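Asks: Make a model of this:
(one chain, ligands or ions: 1)
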Amino acid sequence: MPSYRAPVEDTVFLLEDVLAIHRYDNLPGFADASADVIQAVLGEGGKLTEDVFAPLNLSGDREGCTRREDGSVATPKGFKAAYDAYAAGGWMGLSVPEAFGGQGLPHVINTAVQEFGCGANLALSMYPGLTQGAIAALLVHGSPEQKQTYLPKMVEGAWTGTMNLTEPHCGTDLGLLKTRAVPNGDGSYSLTGTKIFISAGDHDLAENIVHLVIARIEGAPAGTKGISLFVVPKILVNADGSLGARNAVSCGALEHKMGIHGNATCVMNYDGATGWLVGEANRGLNAMFVMMNEARLAVGVQGLGQSEAAYQNAVAYARERLQGRALTGAQAPDKAADPIIVHPDVRRTLMQIRAFNEAARALVLWTALQSDIAHRSQDAAERQAADDLLGLMTPVVKGVLTDRGFANTVEAQQMFGGHGYIEEWGMSQFVRDARIAMIYEGANGIQAMDLIGRKLPKDGGRAMMAFLTEVQTFVKDHGEDAGMTPFVAPLQPALNDLQAAVMWLMQNAFSKPDNAGAGATDLMHLLGQVVLGYMWGKIAKAALAAKADGRDAERMDAKLVLGRFFMERMLPETGLRLARIKAGAETTMALPAEAF
Ligand SMILES: Cc1cc2nc3c(=O)[nH]c(=O)nc-3n(C[C@H](O)[C@H](O)[C@H](O)COP(=O)(O)OP(=O)(O)OC[C@H]3O[C@@H](n4cnc5c(N)ncnc54)[C@H](O)[C@@H]3O)c2cc1C
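Replies: Numbering: from 1, shown residues only. Down below sits the predicted model:
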């Protein structure tokens, strides 16, 4: 059975040394996150996910969810107790304001714990993950009454949340949606329509489910300008907060799918269900974007979590499995063969995954920190700069970490040879589970379009310019430092590639939008490589400083080797990406549809 160990030490190093989180102790909630608190929270989060979530991963996959005759959904054995342990531990509200029962800690700490959950048991971690997203949307757009009605219960974990966007005929193009909302005359609306693929749409983990649903109010304009957001509880809530009658929303079917079997993916039928408008009428997509942006980062974290879990199991196997001899002569002459970890090609694979994971974790935490600054800083300029970076990095975290995360689960599976293909080893589950992260919350092609079409040109390219300047400054500041040379020198050509790509697109994409569309995925990965390289630069700097302090020399040396590996063998991919972008759309678009 596969195992999972939460990367607590590495995460603490990233927060304390690389990101120097205590620089932000002036922000609300940060001073409470002292070094001891961070250690304790991550340690406990690690234990919960290792001891309670991980042992249910394989069994949850095998058993899956079932829909009972009355339409209710049962989750796999053990999920309810695990969810209760999560809720009782106060994990749901880790970074929710205290006014609603949360602990008000920085979002970045919650994000770190999210990774542990996603690595240990993706299907299970999605139930609280979606709830946290729904909490975020209600915090920003809910009325005071809605916040009071729903948030404390959701933060407690007694009620969970969902996000209902997709319909049978539309997922990406939500302007086509058909679900209707008719005013009841008392401030509420009746919602009618069908939503599909709704994660955690029904289950037996909590006493109520708070659905956030997008629908079109009768007479609203067509397209995305006529979409409104509604809160629709599974069980209606009485004025005193107690649970009342069952609402007219139900799970019509469970989808049979490739992975995340322990998470209920539901067809949801709204048959005149009572709902209340969240935020302004016809501004629903705007409101939903709070949840979607939060969820996009969380889905990027899923890619990382699965990549990390798959890596850990691949390493364990590579140390044990005996096949062949090292090219340089036997390493374990007393055994029938050497462990496969002696082979350079096996090491290449493991190094590639690990060099990605460590930088991706840094990127996730750095981005989550921008979210904290954007929401909590008193300084408008600081807030804006952080919000710019957060916006720019959101499609990168979602798209790159899930594309690469999935590819890494395949690479890790490869380490097992034929056994990787056999279900009992659990490696195939990582592959199956990780695959969805590339699709939901906006397929990765859409993330790339969001980057190139929206985030890049926004405010005259301010966010990208600020990022390029930040990396360039880092290169300049450390260019003379001999210890940093292996990390800084390769960053400059990669940065040049990114600059050249942006320049080429500015000159060639406005007049020919297909050039942007054809290069979007490459730009997303090019930016991803550069920011991961930048993260390695920051990690290397902190590792050198820690070594100079006499701390953890062996672990820091390993990081420096991994960083060099990334710089030498992974970062040069930027050149390939640039070449593809500059090739433009001509051949991509040349064939008529019938010729495919
Ligand atoms: C297991 C699972 C769980 C899910 N959970 C939820 C949930 O909780 N809530 C929810 O609302 N939805 C959920 N979804 C739905 C998911 O978000 C959508 O499936 C996804 O956004 C893609 O939409 P679609 O399936 O309609 O594909 P389509 O929109 O039909 O897209 C098909 C392909 O075309 C590409 N494409 C489409 N338009 C463009 C364009 N303009 N430019 C370039 N490429 C384009 C897409 O990238 C994609 O590759 C879930 C789906 C699954 C499978």
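
Asks: Next, give phi and psi for the residue in the stretch 151-300 of the chain that the ligand sits nearest to.
Replies: Proximity to the ligand, evaluated over the stretch 151-300 of the chain using CB to the nearest ligand atom, is greatest for residue 171 at 2.1 Å. C-beta: built from backbone N, CA, C; applies to glycine. Dihedral angles of residue 171 (phi, psi; degrees, to the nearest 10) stand at phi -130, psi -60.

Asks: Output the below-cut-off pLDDT ranges for the chain.
Replies: Judged against pLDDT under 70, the chain has no low-scoring part.

Asks: Get me the contact residues on the stretch 201-350 of the chain for the ligand.
Replies: When proximity is defined as CB under 6 Å from any ligand atom, the stretch 201-350 of the chain approaches the ligand at 257, 265.

Asks: how about the strands in the stretch 201-350 of the chain?
Replies: Under the criterion DSSP state E, counting those that start in this stretch, the stretch 201-350 of the chain contains strands at 208-217, 228-233, 235-237, 243-246, 249-254, 265-278.

Asks: Indicate which one of the ones you listed is closest to residue 534.
Replies: For residue 534, the closest of the strands of the stretch 201-350 of the chain is strand 208-217, at 35.0 Å, according to CB to CB.

Asks: Within its sheet, name the partner strands of the closest one and how each one runs.
Replies: strand 159-164 (parallel), strand 180-183 (parallel), strand 228-233 (antiparallel) (DSSP bridges).

Asks: Wondering if the first one reaches the ligand at all.
Replies: Yes: using CB under 6 Å from any ligand atom as the criterion, contacts between strand 159-164 and the ligand involve 163, 164.

Asks: quick one: the residue of the chain most remote from its centre and the ligand, what's the gap?
Replies: Taking CA atoms, centre = their mean, the residue of the chain most remote from its mean C-alpha position is residue 334, at 45.2 Å. Using CB to the nearest ligand atom, to the nearest Å, we find residue 334 at a distance of 49 Å from the ligand.

Asks: ok, back up a step: would you mind giving the strands of the stretch 201-350 of the chain as JSON lines with mean neighbour count and distance to residue 538 added?
Replies: Listed next are these as JSON lines, based on neighbours: other CB atoms under 10 Å; distance: least, CB to CB, whole Å:
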{"stretch": "strand 208-217", "mean neighbour count": "25", "distance to residue 538": "36"}
{"stretch": "strand 228-233", "mean neighbour count": "26", "distance to residue 538": "38"}
{"stretch": "strand 235-237", "mean neighbour count": "17", "distance to residue 538": "46"}
{"stretch": "strand 243-246", "mean neighbour count": "12", "distance to residue 538": "49"}
{"stretch": "strand 249-254", "mean neighbour count": "19", "distance to residue 538": "44"}
{"stretch": "strand 265-278", "mean neighbour count": "22", "distance to residue 538": "38"}
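
Asks: and these as CSV, adding distance to residue 375?
Replies: Listed next are the strands of the stretch 201-350 of the chain as CSV, based on distance: least, CB to CB, whole Å:
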stretch, distance to residue 375
strand 208-217, 19
strand 228-233, 20
strand 235-237, 28
strand 243-246, 32
strand 249-254, 31
strand 265-278, 19
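
Asks: Hmm, residue 192 is touching residue 272, no?
Replies: Yes: counting by CB atoms under 8 Å, residue 192 touches residue 272, with 5.6 Å between them.

Asks: tell me the contacts of the closest residue to the ligand within the stretch 451-596 of the chain?
Replies: For the stretch 451-596 of the chain and the ligand, the shortest gap (CB to the nearest ligand atom) falls at residue 517, measuring 6.6 Å. Residue 517 makes contact with 449, 452, 585, according to CB atoms under 8 Å, 6 or more residues apart in numbering.

Asks: number of nearby residues for the last one?
Replies: Taking other CB atoms under 10 Å as the criterion, the count of residues near residue 585 is 17.

Asks: do the second one as well
Replies: Neighbour count of residue 452, defined by other CB under 10 Å: 26.

Asks: need the contact list for residue 4.
Replies: 49, 50, 53, 54, 57, 119, 120, 309, 312.

Asks: okay, those in CSV with secondary structure next?
Replies: Putting these into CSV (DSSP: H, G, I helix; E, B strand; the rest coil) gives the following:
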residue, secondary structure
49, helix
50, helix
53, helix
54, helix
57, helix
119, helix
120, helix
309, helix
312, helix
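
Asks: Which two among those residues are spaced furthest apart?
Replies: 53 and 312, at 14.4 Å, using CB to CB across the contacts of residue 4.

Asks: ok, the two, which is more surrounded?
Replies: More neighbours surround residue 53 than the other of residue 53 and residue 312, with 28 against 20 (other CB under 10 Å).

Asks: give me the number of residues near residue 326?
Replies: Residue 326, neighbours per other CB under 10 Å, totals 16.

Asks: ok, now how distant is it from residue 415?
Replies: 16 Å (CB to CB, to the nearest Å).

Asks: Over to residue 455?
Replies: As judged by CB to CB, residue 455 and residue 415 stand 36 Å apart.

Asks: near the ligand, which residues of the protein?
Replies: By CB under 6 Å from any ligand atom, the residues of the chain that approach the ligand are 163-166, 170-172, 197-199, 257, 265, 436, 439-443, 445-446, 449.
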